[in-house]
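Peer 1: got a structure for you, letters missing:
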């Protein structure tokens, strides 16, 4: 039988760990939820926290006056990104295996922010009723044909497109999310503000490509 004194000391020792676990679980649950932070001409912008990063994930929800097949083709045409996606100086598909692509990006930003270079792994998946999900994240693979010294590699980068046919004929519903921690000395608040602006700029650029 365990004595009452032993039970008291055991409970006292475990309490901080239980509180820590409860706090972590609460934070993780909160990070599942998107919260709207902006209403913009391109659509509402949402944030959600990340338990693994001080930087929020940013998402824009929008609609396009085009078939979902056209939008899907555009957002996966990485070789053409430098011609219409903001800040992309160079974009190359290094390898492709079915629906998986390894893509090199060299991003150039205005002002004092240094260039960023990275290789990402992009995966596409189709769903019923003319819907697709495209997601990407940093890759650790090394490709000798690209110059990784041309800029700084981000500390983290990931995101997704969710694309589906809307109820109205010829319309598409889409969600575009980005999480980026660029590293360096860029403060968190500035990273989030830049990402808020960037997702709107990407949607506007896609509208122009679609001829809206």
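Peer 2: Happy to help now that I have it. As the structure is a computational prediction, the values presented were derived from the model and not from experiment. Numbering: from 1, shown residues only.
Peer 1: Doesn't residue 199 belong to a strand?
Peer 2: No - using DSSP: H, G, I helix; E, B strand; the rest coil, the secondary structure at residue 199 is helix, not a strand.
Peer 1: Okay, it and residue 130: tell me how far apart.
Peer 2: 23 Å (Cβ to Cβ, to the nearest Å). For every residue, glycine as well, the C-beta is placed using N, CA and C.
Peer 1: Compare those two and say which is more crowded by neighbours.
Peer 2: For residue 199 versus residue 130, neighbours defined as other Cβ atoms under 10 Å are more numerous around residue 199 (24 against 15).
Peer 1: my read: the more buried one touches residue 59, true?
Peer 2: Yes - between residue 199 and residue 59 there is a contact at 7.3 Å, judged by Cβ atoms under 8 Å.
Peer 1: shared neighbours of these two, anything?
Peer 2: Common contacts of residue 199 and residue 59, defined by Cβ atoms under 8 Å, 6 or more residues apart in numbering, comprise 45, 176, 177, 178.
Peer 1: Give me the three-state assignment for residue 190.
Peer 2: The assignment at residue 190 comes out as helix when based on three-state DSSP.
Peer 1: How many residues are close by it?
Peer 2: Here the count is done by other Cβ under 10 Å, and residue 190 has 12 residues near it.
Peer 1: next one: residue 87
Peer 2: 19.
Peer 1: what does stretch 139-154 contact?
Peer 2: Residues contacting stretch 139-154 (Cβ under 8 Å, 6+ apart): 92, 94-95, 102, 104, 106-107, 114-121, 138, 180-184.
Peer 1: hang on, I meant stretch 74-81
Peer 2: Contacts for stretch 74-81 (Cβ under 8 Å, 6+ apart): 88, 91-93, 101, 103, 105, 122, 124, 134, 161, 163, 206, 209-210.
Peer 1: ditto for stretch 160-169
Peer 2: By Cβ under 8 Å, 6+ apart, the residues outside stretch 160-169 that reach it are 63, 67-68, 71-72, 75, 127, 129-136, 171-177.
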